[in-house]
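1. have a look; sequence and predicted model below, questions after that.
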Amino acid sequence: MSEPQDPENSTQRLPAAESAAPTGVLDMDQSASGSSYDPAPVPDQPGGHAGRFRSERRIPATLVGLVVLGGAGLLLYDIAAVRTGHPAMRWRRSLADELATRHLDDVWVLVGSGAAAAIGLWLLWLALTPGLRALLPMRRDHTAIRAALDRKAAGLVLRDRAVEVSGVQSVRVRTGRRKVAVRAVSHFRELDDVRNDLDTALGAGIKELGLARPPRLSVHVRRAAKKG
């Protein structure tokens, strides 16, 4: 009788291809082995939703505030001067004349409107997007605590895990918000065995990072280049 398997601890593996060729021949002929795995379902978070951290964007906010403040102050000063009997500033008279005489299909009118629309869309994009793409939100076990992990730090942790696997000569880990791409070079052992060990070690490493949304894992192993 077979024992029942726990669905939380079971890991789905791709069936290994069997070959009638000897191990040494397979080891020399195979040049690469790769696979992709979807992350496990994210468990319920009792501490609340772990959303992305929003950037404060001090520099764009400061620039926009200074431009608006300067333009509004200059315009109010000119209006107050006109109310007291002084003539309007030259720049305001020139601007009024240009707006009254130039047609809508004029090149400068089109360029100015396009620049204003581009700046407006840029400001809207900054206001609506959270930013801080280098931070990966972690699970919230407590409502009052929010934490994040830097993508480079997560990549270093996973790289240290990968180099401990037997047969791995060198490895590169690229950590994204939705995917972790691992490219390793093996100088001995069968590539499928090395890839399976990397999948197990890195899968456990991603789980131990405690991320709110564990990224997908993509592992690619290739044979080391022969010298000479």
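-> Cool, the structure landed.
2. tell me how many other residues crowd V82.
-> If you count neighbours by other C-beta atoms under 10 Å, V82 ends up with 13. For the C-beta atoms, the positions are set from N, CA and C on the backbone; glycine is no exception.
3. cool, V64 as well?
-> 14.
4. quick one, domains of this protein?
-> Domain ranges of the chain: 58-128, 135-223, per automatic domain parsing.
5. mind checking how far the longest one is from the chain centre?
-> Domain 135-223 sits 15 Å away from the centroid of its parent chain (C-alpha atoms, centre = their mean, to the nearest Å).
6. ok, stretch 107-124 next?
-> With C-alpha atoms, centre = their mean, you get 28 Å for stretch 107-124.
7. residues in contact with that stretch?
-> When contacts are defined by C-beta atoms under 8 Å, 6 or more residues apart in numbering, stretch 107-124 is touched by residues 60, 64, 102-103.
8. including distance to S36 and mean pLDDT, could the domains of the chain go into TSV?
-> Converted to TSV, those look like this (distance: least, C-beta to C-beta, whole Å; pLDDT from 0 to 100):
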stretch	distance to S36	mean pLDDT
domain 58-128	31	87
domain 135-223	5	89
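9. now the residue lying farthest from the centre of the chain, what's its secondary structure?
-> Farthest-out residue of the chain from its mean C-alpha position, per C-alpha atoms, centre = their mean: G85, at 58.4 Å. On the three-state scheme (DSSP: H, G, I helix; E, B strand; the rest coil), G85 is labelled coil.
10. ranges for the helices of the protein?
-> With DSSP state H as the criterion, the chain has helices at 23-29, 58-83, 90-101, 107-128, 151-163, 191-208.
11. can I get those helices in CSV including distance to M138?
-> CSV is the format used below for these (distance: least, C-beta to C-beta, whole Å):
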stretch, distance to M138
helix 23-29, 40
helix 58-83, 25
helix 90-101, 53
helix 107-128, 24
helix 151-163, 10
helix 191-208, 11
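12. please work out how many residues are found near V168.
-> Neighbour number of V168 under other C-beta under 10 Å is 21.
13. nearest residue to it in space, please, no chain neighbours.
-> A184 (5.2 Å; C-beta to C-beta, 6 or more residues apart in numbering).
14. quick check: that neighbour touching A162?
-> Yes: counting by C-beta atoms under 8 Å, A184 does reach A162; the two are 6.2 Å apart.
15. and for those two, which residues touch both?
-> 168, 171, 198.
16. the second one and V163 touch, don't they?
-> This points to V171. Yes: counting by C-beta under 8 Å, V171 does reach V163; the two are 5.9 Å apart.
17. and these two? which has more neighbours close in?
-> Neighbours per residue (other C-beta under 10 Å) separate V171 from V163, with V171 holding more: 21 against 13.
18. let me know the distance separating that one from L149.
-> Applying C-beta to C-beta, to the nearest Å, the value for V171 to L149 is 20 Å.
19. do L158 as well
-> 11 Å.
20. more crowded one of the two?
-> Remark: of L158 and L149, L158 carries more neighbours, 22 against 17, as counted by other C-beta under 10 Å.
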